[in-house]
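In: Below is the sequence, then the predicted model.
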Amino acid sequence: MSLLDKSLRIAAVAALALMASGLAATARDTVTERLDDRRMFGSGREAFTKTCARCHTGLDSAVGPNLFQKEYDPEVLKYFARHGFGPMPAFTESMIDNATLDELAAYVARQGKGESR
Amino acid sequence: MTTAREVAHIPDGVTKEAFLAALARFEAIVGAHNVLTGEERLTPYYKTMMPADDTDYATSAVLQPTSTEQVQAIVKVCNEFGVPVWPTSTGRNFGYGTYAQGTAKGHRHQVVIDFRHMNRILEVDAELGTALLEPGVTYQQLVDYLEANDIPLWVSCPAPSAIASPVGNTLDRGVGYTPYGEHFMMQCGMEVVLANGDVLRTAMGGVEGSNSWQVFKWGFGPYLDGIFTQSNFGIVTKMGLWLMPKPPAYKPFYIRFPDDEDITAIVDMMRPLRMANIIPNAVVFAHALWEAPAVIPRSKYYDGKGAMPKDAIERMKTEEGFGAWNVYAALYGTPEQVEVNWKIVTDAVKRLGKGEIFTEAELGGKEPFNYRAALMRGGMNLQEFGLYRWRGGGGSMWFAPVTVAKGSETLTQTKLATEILNKWGFDYCGEYIVGMRDMHHVIDLLFDKTDEEDTKNAHACMSELIEEFRKRGYAVYRTNNAFMDQVADCYGPVQRRINQTLKRALDPNGIIAPGKSGIGA
């Protein structure tokens, strides 16, 4: 038996063992609620963390500028969020509603001023 | 009944009066707050990465339905007033058009249906490893749900993916990097709103009381799901997906090859391992110029005009430790399986006599290995977004010809693509993603959209790539709106005619996304 054949046989046996254990999981049939524009993010800070932070918190490989390093005008931040810039996508109201974007921009502006919240 | 809204654009072929009347009816269906018009509210929908004037692809309005019933009512209004609608899931198909709709040739300014508010996870069956989703659900949302409920299932996602939609990606026949990386192969069951307002549930979904909609793909009679991908024959409002059981052991690895010509031997070495499922995932062969953007800026080695010169590429490879080709793959299963398969893989590399192999032991925590290892287990990240920093200026198009998994073919394709790209002043930023027997040769044509000449050259370059590849029997599997007609032509007149026949039968008034994939009204 070649090594290849042997490994395939082991794979088949292992797959059966996995099936028998049922992966220790039970069926969970769930209908989640619709995340509407108010509930998509709990706060502006959460929206920043989940949407903006990947590009804007100063990682070596970040595509965009570190928004915590300078003091930005909240209106400018909102403009860029809605229009995008270069590789940055534009964010629609269905992704970040106006109220959350206001909070997000105010949160980022506070960080630029060196405030902790 | 009409509406006093201001509209900046009217769909081609529709009078302003008819459009305003249709908008009033849309308001009654989805609520006035879910009908977006006016420059300020529509601006985020205009931005594209294509080498085209974004105003040619500007939407006339956006509708945000919250239910299948609302979508049914919308298409009835569309038929009555002749208003075309272009459905999008989350509009994050970067480099393939994002929210762009229509074509510049007579199908402009369609109404976008933004499904972002239809974002319920309808069912996850942890035993069967299936999910039923609405189109607005994002990869992040699905992963969050699985983690919050401690369900040991993995999602296969494209890169970058957190804000993109599993339904949207699957409908565009996108790929990921896990063993479930061929996403449409892992799709099972759809709900589709047809142009006449009927709701079709495909395969087992048509059987009253059936509980096998998400487990048996074929049902009885013709298999229909395929005709609703990359098409405009209906509007998909629900989709079933298969999710991968989290394996007990996972071993990602990286093989570095120094020379451009090595691609031939790499493909021929990896193909049998992939076909035998020793390596079960969508393996990647990334060129140095794909590897680099994820971790360094282009200006570190070249800041001049035109394509990066060969000597700069060689210097970058040496100093950064990149291979000409960088292979990422992984093993999955029990620890025993992984051990046996690891020996098979390392023996194959030894036999080849070329290629250095690395694992997490040497590269754990370091980029780009780190993000590649994450992707191959469905871990989302935005590392590859670095591609968009490489050239700057926000222009990106994917040129993605299909090739057979044979070394000789890859050498031909790589040389041809590099020659054409370099001629127009662009870098070959390419990788091969390995399927069962095919490979997606994915090249990001990066250009500066703020530069008129660069944008013009990018358009000409893409067109030449499509044409020169077609002459040699190659065609892309997916493209952006500006090139859909040209790509459809590559597949021949008979395919175009049958698509048009289906379109006329299912959507006689041509109200669903006319122009999509080269299929007109």
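Out: That came in fine, so what should we check first?
In: so how far is B:Gly304 from whatever residue of chain B ends up closest to chain A?
Out: Relative to chain A, the nearest point of chain B is B:Tyr388 (3.1 Å; Cβ to the nearest Cβ). Quick note: C-beta positions are derived from backbone N, CA and C, even for glycine. Look at B:Tyr388 and B:Gly304: by Cβ to Cβ, to the nearest Å, they are 20 Å apart.
In: Please apply the same query to A:Thr100.
Out: Noted for A:Thr100: a distance of 43 Å to B:Gly304, by Cβ to Cβ.
In: Give me the more crowded residue out of these two.
Out: In this view A:Thr100 and B:Gly304 are compared by other Cβ atoms under 10 Å in any protein chain shown, and A:Thr100 has more residues nearby, 23 against 9.
In: Could you pull out the helices in the stretch 201-350 of chain B for me?
Out: In the stretch 201-350 of chain B, the helices defined using DSSP state H, counting those that start in this stretch lie at B:263-275, B:288-291, B:310-320, B:335-352.
In: Which one, of the ones you listed, ends up nearest to B:Pro152?
Out: Within the helices of the stretch 201-350 of chain B, the stretch nearest B:Pro152 is helix B:335-352; the backing value is 16.4 Å (Cβ to Cβ).
In: so the residue of chain B closest to chain A touches B:Met397, yeah?
Out: No: if you go by Cβ atoms under 8 Å, B:Tyr388 and B:Met397 don't touch, sitting 11.9 Å apart.
In: For the closest residue to B:Lys406 other than its chain neighbours, the count of nearby residues, please.
Out: Leaving out its chain neighbours, the residue that sits closest to B:Lys406 by Cβ to Cβ, 6 or more residues apart in numbering or on different chains is B:Val267, at 6.5 Å. The number of residues packed around B:Val267, counting by other Cβ under 10 Å, is 26.
In: B:Asn119 versus B:Val267, what's the distance?
Out: Using Cβ to Cβ, B:Val267 is found at 40 Å from B:Asn119.
In: Model confidence at B:Pro252, what's the number?
Out: pLDDT, the model's per-residue confidence, is 98 for B:Pro252.
In: Counting residues, name the longest strand you see in chain B.
Out: Longest strand in chain B, counting residues (DSSP state E): strand B:438-448.
In: Adjacent strands (with direction) for it?
Out: Strand pairing for strand B:438-448, using DSSP bridges, gives strand B:394-399 (antiparallel), strand B:402-404 (antiparallel), strand B:430-434 (antiparallel).
In: chain center to the last one, what's the gap?
Out: Put plainly, it is strand B:430-434. Chain-centre distance of strand B:430-434: 14 Å, with Cα atoms, centre = their mean, to the nearest Å.
In: Then the first one?
Out: Using Cα atoms, centre = their mean, the distance from the centre of strand B:394-399 to the centre of the chain it belongs to is 12 Å.
In: May I see the buried residues of that strand?
Out: By 16 or more other Cβ atoms under 10 Å in any protein chain shown, the buried positions in strand B:394-399 come out as B:394-399.
In: from the residues you listed, which has minimum pLDDT?
Out: B:Gly394 (90).
In: In space, what's closest to it - neighbours in sequence excluded?
Out: Sequence neighbours aside, A:Gly86 is the residue nearest to B:Gly394 in space, at 3.8 Å (criterion: Cβ to Cβ, 6+ apart).
In: In terms of helices and strands, where is B:Gln140?
Out: Assigned by DSSP states H and E, B:Gln140 belongs to helix B:139-148.
In: residues making contact with the next helix or strand after that helix?
Out: Using DSSP H and E, the next helix or strand after helix B:139-148 towards the C-terminus is strand B:153-154. Outside of strand B:153-154, the residues within contact range by Cβ atoms under 8 Å, 6 or more residues apart in numbering or on different chains are B:124, B:126, B:129, B:146, B:178, B:180, B:243-246, B:377-378.
In: Now do strand B:153-154: distance to the chain's middle.
Out: What separates the centre of strand B:153-154 from the centre of its chain is 20 Å, taken as Cα atoms, centre = their mean.
In: circling back: burial of the residue nearest to B:Gly394, as a residue count?
Out: Neighbour count of A:Gly86, defined by other Cβ under 10 Å: 16.
In: Hmm, it is touching B:Gly393, no?
Out: Yes: A:Gly86 is within contact range of B:Gly393, at 6.0 Å (criterion: Cβ under 8 Å).
In: Common neighbours of these two, please.
Out: By Cβ under 8 Å, 6+ apart, A:Gly86 and B:Gly393 have these common neighbours: B:449-450.
In: Contacts only, for the residue nearest to the spatial centre of chain B.
Out: What sits nearest the mean C-alpha location of chain B, by Cα atoms, centre = their mean, is B:Gly174, with 3.8 Å. Residues near B:Gly174 by Cβ under 8 Å, 6+ apart: B:158, B:183, B:478.
In: among those residues, which one has the lowest pLDDT?
Out: B:Pro158 (92).
In: Tell me which residues touch that one, please.
Out: Contacts of B:Pro158 (Cβ under 8 Å, 6+ apart): B:164, B:169, B:174-176.
In: and which of those residues is nearest to B:Arg271?
Out: Proximity of the contacts of B:Pro158 to B:Arg271 (Cβ to Cβ) peaks at B:Val175, which lies at 17.3 Å.
In: Please verify my assumption that that closest one contacts B:Ala282.
Out: Yes: with contact defined as Cβ under 8 Å, B:Val175 reaches B:Ala282; the gap is 6.0 Å.
In: And B:Thr412, how far from B:Ala265?
Out: Computed as Cβ to Cβ, the B:Thr412 to B:Ala265 distance reads 15 Å.
In: quick one: terminal-to-terminal distance for stretch B:241-249?
Out: Length of stretch B:241-249, first residue to last, Cα to Cα, to the nearest Å: 23 Å.
In: buried stuff in that stretch?
Out: Buried residues in stretch B:241-249 (16+ other Cβ under 10 Å): B:241-248.
In: any chance of these in TSV, with distance to chain A too?
Out: Shown next, in TSV, are the buried residues of stretch B:241-249 (distance: Cβ to the nearest Cβ, whole Å):
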residue	distance to chain A
B:Leu241	15
B:Trp242	14
B:Leu243	11
B:Met244	11
B:Pro245	5
B:Lys246	8
B:Pro247	8
B:Pro248	8
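In: In chain A, what residue comes closest to chain B?
Out: Closest to chain B within chain A is A:Pro87: 3.1 Å, counting by Cβ to the nearest Cβ.
In: where in chain A is pLDDT low?
Out: A:1-30, A:37-38, A:60-61, A:115-117 (pLDDT under 70).
In: For B:Met436, give me phi and psi.
Out: Torsion angles at B:Met436 (phi, psi; degrees, to the nearest 10) stand at phi -70, psi -50.
In: what's the burial count for it?
Out: Around B:Met436 there are 11 other residues, counting by other Cβ under 10 Å.
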